[in-house]
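K.L.:
predicted model follows, preceded by the sequence.
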Number of protein chains: 2
Amino acid sequence: MSWSKRIPTATPRMACFHKRSLNTVPSPVCVGYLRKSSTFARSPAIALTYSQYGPPEKVLNITKVPLPPLTRSTVHIRFVAAPINPADINQIQGTYPVKPQFKDGLGAVGGNEGLAEVIATGDDVTDLKVGDWVIPTASGFGTWRKHASCKPDELLKLNKHGVSPLIAATISVNPCTAYRMLRDFVSLKPGDVVVQNGGNSGVGQSVIQLAKAWNIKTVNVIRNRPNFDEIAENLQDIGADMVISEEDARKPEVAAKVKNLGPPPRLALNCVGGKSATNIARLLGHDGHLVTYGGMSKEPLILPTSLFIFKNLTSQGFWMTRWYETHSKAERATMLDELFQLAQAGKLREPWHDTTSLRDAPNIQETAIASIRKAMSGFSGGKQIFVMD
Amino acid sequence: MSWSKRIPTATPRMACFHKRSLNTVPSPVCVGYLRKSSTFARSPAIALTYSQYGPPEKVLNITKVPLPPLTRSTVHIRFVAAPINPADINQIQGTYPVKPQFKDGLGAVGGNEGLAEVIATGDDVTDLKVGDWVIPTASGFGTWRKHASCKPDELLKLNKHGVSPLIAATISVNPCTAYRMLRDFVSLKPGDVVVQNGGNSGVGQSVIQLAKAWNIKTVNVIRNRPNFDEIAENLQDIGADMVISEEDARKPEVAAKVKNLGPPPRLALNCVGGKSATNIARLLGHDGHLVTYGGMSKEPLILPTSLFIFKNLTSQGFWMTRWYETHSKAERATMLDELFQLAQAGKLREPWHDTTSLRDAPNIQETAIASIRKAMSGFSGGKQIFVMD
């Protein structure tokens, strides 16, 4: 029963990455984009950019971006892979609070998360060397591009030993969000139960795996769909204790099953909103925390007054960007170290995904837009990831 | 500009109480029910009781309740006044989590809050004496009655010096709720701004007065109504800095006025739910707390996802009953002392109200039911209070 067998909408390209994920170490067969190049002359410095807010398919363009010469205090990096997260799309649409800086003649580069490799360092740079794996420290860096020039303090160096590049490229948003939400709101003990909706989202998969690693049980609500059983089985394979549909989440007999799983749940994680948030809030016991990190339904949360007054519900939000802004680089490094250790131990895998090569082919723009469209259509097809091979 | 002049729906009986409230000390003209009687032979031990849940007008009856003989360890008390709070009605309807104990042939006595006077003490009782003012310590005591027998530890003694009996009778639910909500969720400094809906409710009036006493500004949202200006003026008289209608609360120019009042509000108090809760949540700045203590609209809270994620909103509940269950009698006494000092200083007055005498007249049941109906129709007519003169 292999991991790749479980992918609901597997494609040959996906199968390749999933097979690789089984041993977590990059396979030379698949990782052509990990060339240890110290120059970028061979591949033009292309980027997926936009100069105004709007629908991504209308405002995004593949652009050749001039890379400034290396100085004593800068580094040049080459991106390896960068996912398309919902926030990236909202940012292009202009609805995200983190606004990019539009530069004359270039605009802004899309994407906020991604793995890059250091390909050149200025003479005064001591803490990074060619070949290091790095991720941007701040939102708005622009990761949907092949190359970038920056100061070393804009980057966080990763300990890449034994970790798949796709985990590294997708670790700072989804697994870190899952990590913080499981750690920072309720003091969970082994055997405790956590409820979440969007259980098959990128964060959802991370929550399941981290909870499993920490001996915490998960109740995972997902939308009903034709291949519900298949998705449910996939989630159980990575550690889900219960997978239920939105409709079932409202049934008293399902609530009774949740009660039998362990102590009354005190943490519910919401990325959907609307009645789905109501459903998981109702599954909480006394003194529960409902933490919202997304709103895929585009509906507000609907929460009964009685839950707040008589069950002492607390409803809060979590935003990874704010956490990064309010915490030190050292705290971030500690979290990433722990997540990478779990990845090295095979307990945290990259999300179900589909990759798109940002190779400079004639149709590269259409290919990129197609990936973004897939990402916008919902998360059932897996995380869309650009690879810059 | 007297207090009584400001009462929107003043009746002669209300005017009497309001006039008295001006000097806060009980006036002998009005306080016939404060007889220092040490027996209750003159007035039968009647009570407003129910033996099953249902609409109050159908299940409540005036009953003669046998009072057990005084023992060495018990006291006899005579109720002075007891308000009709929304929770009392929900309890009779069967929708409140605190359930009364139905006793054979008697049922349960309605009401959870009220001021009583000690009229007899057992030989072993040392901490209470005849004439002391007391309030029940636990919900479910049953306060809509003339007399009761109980253990001293079921009562909290009040320092009655210079305090009106109507403040004492209505202090443990509404003013205490306001006190805790202003103290326990956000650390407020003088000049800070608090937003609330139901600003003319019992709790709302207490919030305005306590905030005024502590140099905190209040933005008070109330429903639009024909006598809006009159109510607004009344609320301003007791210290409200802004009074706005639900419709105005959504307008950008009103939000701008709130911004000009002081630092961005970090505390909003909600007793309405539905879109009203949305309105006051939107008036909060970053890191705001929305505290829900009632749901007069009977609609759930509707809260946009973006408030939680990008403005770090926290939505919580407050229930005075739980606070009492989880805090000591000493902590309660400290709070009451502080509130009574404010009352003695004329900074905390009894709520706008209408009193109904539970005198044993032929039509007493109809009279009591009429008061309960008024209380159920909304809070615009003021707090309904039974007096047992």
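P.N.:
That came through fine.
K.L.:
then the lengthiest helix in chain A to CSV, C-alphas only?
P.N.:
Ranked by residue count, the top helix of chain A under DSSP state H comes out as helix A:329-344. Presented in CSV, the C-alpha positions along helix A:329-344 are these (Å, rounded to 0.1, in the frame of the first residue of the first chain):
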residue,chain,number,x,y,z
LYS,A,329,14.4,34.1,13.3
ALA,A,330,15.7,31.8,16.1
GLU,A,331,12.1,30.8,17.0
ARG,A,332,11.4,30.1,13.4
ALA,A,333,14.6,28.0,13.0
THR,A,334,13.6,26.0,16.1
MET,A,335,10.2,25.2,14.6
LEU,A,336,11.7,24.3,11.2
ASP,A,337,14.3,22.1,12.8
GLU,A,338,11.6,20.1,14.5
LEU,A,339,9.5,19.9,11.3
PHE,A,340,12.5,18.8,9.3
GLN,A,341,13.3,16.1,11.9
LEU,A,342,9.8,14.7,11.4
ALA,A,343,10.3,14.9,7.7
GLN,A,344,13.6,13.0,7.9
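K.L.:
count of neighbours near whatever residue of the stretch 1-150 of chain A ends up closest to chain B?
P.N.:
The nearest approach of the stretch 1-150 of chain A to chain B comes at A:P97, 4.9 Å away (CB to the nearest CB). For the C-beta atoms, the positions are set from N, CA and C on the backbone; glycine is no exception. Look at A:P97: counted by other CB atoms under 10 Å in any protein chain shown, it has 15 neighbours.
K.L.:
what number of residues lie near the spatially closest residue to it that is not a sequence neighbour?
P.N.:
Nearest non-adjacent residue to A:P97, counting by CB to CB, 6 or more residues apart in numbering or on different chains: B:F310, 4.9 Å away. Here the number of neighbours of B:F310 (other CB under 10 Å) works out to 17.
K.L.:
do you know how far the residue nearest to A:A138 when sequence neighbours are not counted is from A:V173?
P.N.:
In space, and not counting its chain neighbours, A:A138 is closest to A:E154: 6.7 Å by CB to CB, 6+ apart. Relative to A:V173, A:E154 is positioned 17 Å away (CB to CB, to the nearest Å).
K.L.:
so which bits of chain A are right by chain B?
P.N.:
Counting by CB under 8 Å from any CB of the partner chain, chain A comes close to chain B at A:97, A:273, A:278, A:292-295, A:300-319, A:322.
K.L.:
give the contact list for the closest residue to A:C271 other than its chain neighbours.
P.N.:
Spatially, and ignoring its direct neighbours in sequence, A:C271 is nearest to A:G294 (3.2 Å; CB to CB, 6+ apart). Counting by CB atoms under 8 Å, 6 or more residues apart in numbering or on different chains, A:G294 makes contact with A:86, A:198, A:201, A:203, A:270-273, B:305, B:309.
K.L.:
tabulate these (a markdown table), appending neighbour count and distance to B:L115.
P.N.:
Output for the contacts of A:G294, formatted as a markdown table (neighbours: other CB atoms under 10 Å in any protein chain shown; distance: CB to CB, whole Å):
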| residue | neighbour count | distance to B:L115 |
| --- | --- | --- |
| A:P86 | 18 | 57 |
| A:G198 | 26 | 52 |
| A:S201 | 28 | 56 |
| A:V203 | 27 | 54 |
| A:N270 | 31 | 45 |
| A:C271 | 27 | 50 |
| A:V272 | 26 | 49 |
| A:G273 | 23 | 46 |
| B:T305 | 25 | 46 |
| B:I309 | 24 | 47 |
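K.L.:
among those residues, which ones are in strands?
P.N.:
If you go by DSSP state E, the contacts of A:G294 have A:270, A:273 in strands.
K.L.:
doesn't A:A268 lie inside a strand?
P.N.:
Yes. Residue state for A:A268 (DSSP: H, G, I helix; E, B strand; the rest coil) corresponds to a strand.
K.L.:
now do the longest helix of chain A: which elements does it pack against?
P.N.:
When contacts are defined as 3 or more CB pairs under 8 Å, 6 or more residues apart in numbering or on different chains; DSSP states H and E, helix A:329-344 sits against strand A:155-158, helix A:174-184, helix A:202-213.
K.L.:
report the buried residues of it.
P.N.:
Buried residues in helix A:329-344, counted by 16 or more other CB atoms under 10 Å in any protein chain shown: A:332, A:335-336, A:339-340, A:342-344.
K.L.:
ok and that helix relative to helix A:202-213, angle-wise?
P.N.:
For helix A:329-344 against helix A:202-213, the angle by axes from the mean of the first three to the mean of the last three CA atoms, to 10 degrees is 70 degrees.
K.L.:
which non-adjacent residue is nearest the spatially most central residue of chain A?
P.N.:
Geometric centre of chain A, nearest residue: A:N174, 3.3 Å, by CA atoms, centre = their mean. Leaving aside its chain neighbours, A:N174 sits nearest to A:G202 (3.9 Å; criterion: CB to CB, 6+ apart).
K.L.:
returning to that earlier point: pretty sure the residue of the stretch 1-150 of chain A closest to chain B sits against B:N312.
P.N.:
No. Assessed by CB atoms under 8 Å, A:P97 is found out of contact with B:N312, at 11.5 Å.
K.L.:
dump the residue contacts of A:I92.
P.N.:
By CB under 8 Å, 6+ apart, the neighbours of A:I92 are A:50, A:53-54, A:56, A:59-60, A:110.
K.L.:
hmm, which of those are the buried ones?
P.N.:
Taking 16+ other CB under 10 Å as the criterion, what is buried in those is A:50, A:53, A:56, A:59-60, A:110.
K.L.:
and those as CSV, adding pLDDT?
P.N.:
Shown next, in CSV, are those (pLDDT from 0 to 100):
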residue, pLDDT
A:Y50, 96
A:Y53, 96
A:P56, 95
A:V59, 96
A:L60, 95
A:G110, 96
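K.L.:
so which of those are in strands?
P.N.:
A:Y50.
K.L.:
and of the buried ones among the contacts of A:I92, the nearest to B:G285?
P.N.:
The nearest member of the buried ones among the contacts of A:I92 to B:G285, counting by CB to CB, is A:Y53 at 25.1 Å.
K.L.:
so the closest one is in contact with A:G94, correct?
P.N.:
Yes. If you go by CB under 8 Å, A:Y53 and A:G94 touch, sitting 2.9 Å apart.
K.L.:
and A:Q52, how many neighbours?
P.N.:
A:Q52: 11 neighbours (other CB under 10 Å).
K.L.:
surely it meets A:L60?
P.N.:
No. If you go by CB under 8 Å, A:Q52 and A:L60 don't touch, sitting 10.6 Å apart.
K.L.:
helix, strand, or coil at A:S297?
P.N.:
Recorded secondary structure, A:S297: coil (three-state DSSP).
K.L.:
excluding sequence neighbours, find me the nearest residue to it.
P.N.:
Spatially, and ignoring its direct neighbours in sequence, A:S297 is nearest to A:G274 (4.3 Å; CB to CB, 6+ apart).
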